[in-house]
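**Q** sharing a model that was predicted from the sequence below.
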Amino acid sequence: MQMIPSLLFGISASLDALLIGISYGIRGIRIYLWQNLLISGITLLGTCLSVGLGNWLSPRLPDQISRYAGSMILMLFGVWYCVKWVAKMLAHSRKIAQAAAASAPCLSFPALLVLGVGLSLNNMGIGLSASIAGLTLVPAAIATLACSLLFLLTGNRLGRCRLLQFLGNAADPISGILLILLAFLQIFL
């Protein structure tokens, strides 16, 4: 029964990759397959480390504490993403990923590493809390890698499309809602 929670985790953890792909696509900067693989591989490594740590820590905690604590942290992350989005909409500020993309005229190797590490760090907190709540490593890793690859590719290829620009702007609340849903699934399944 780990497929649905893992898929929700992978989607939520990778929505920033969609935003990054869109921002580079808007600027006409192509993310090549090898670059996508490198960024997604670094993201996968960080996700595996955090989920692995959570899976190691979880049996050392009382069952009810680990299940509810991890789920509550996921809910807090979900609420945080939604609140962050509302604050951005009220302030009419631009997305951080778009600003970073605007300052980089081409996708150099150091820029690829920074993108990969940035996405990886984003996944570490939710990966740790999701694994404490009961998410296992392999399905979460596969879902994260697949979603990251797909979202970067899709966002980059269709970055000039108005619909994807809207989806990119809605990445935070969508991610937050998915994390809250994942937390409820982990509590009640």
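**A** Received it, and whenever you're ready, just let me know what you need. Values in this document were obtained by computation on a predicted structure and should not be read as measured data.
**Q** helices along this protein, start to end?
**A** Secondary structure of the chain (DSSP state H): helices located at 3-26, 33-57, 63-91, 96-102, 109-132, 137-157, 162-169, 171-188.
**Q** check the ones you listed for me and report the most buried one.
**A** Each of the helices of the chain was given a mean neighbour count from mean count of other C-beta atoms under 10 Å, and the largest, a mean of 25, is that of helix 3-26. The way it works is simple: take the backbone N, C-alpha and C, and place the C-beta from them, glycine included.
**Q** could you tell me the angle between that one and helix 137-157?
**A** Put simply, helix 3-26 runs at 30 degrees to helix 137-157, going by axes from the mean of the first three to the mean of the last three C-alpha atoms, to 10 degrees.
**Q** what is helix 3-26 packed up against?
**A** Secondary structure elements in contact with helix 3-26, counted by 3 or more C-beta pairs under 8 Å, 6 or more residues apart in numbering; DSSP states H and E, are helix 33-57, helix 96-102, helix 109-132, helix 137-157, helix 162-169, helix 171-188.
**Q** and those helices: which comes nearest residue 2?
**A** Within those, the stretch nearest residue 2 is helix 137-157; the backing value is 4.5 Å (C-beta to C-beta).
**Q** let me know the average pLDDT across the closest one.
**A** Taken as a whole, helix 137-157 carries a mean pLDDT of 88.
**Q** can you give me the angle it makes with helix 33-57?
**A** For helix 137-157 and helix 33-57, the angle between their directions (the same axes, to 10 degrees) works out to 150 degrees.
**Q** among the helices of the chain, which gets the worst mean confidence?
**A** Per-segment mean pLDDT for these reaches its minimum on helix 96-102, at a mean of 48.
**Q** just give the closest residue to residue 52, not the sequence neighbours.
**A** By the measure of C-beta to C-beta, 6 or more residues apart in numbering, the closest residue to residue 52 outside its immediate chain neighbours is residue 137, 5.6 Å from it.
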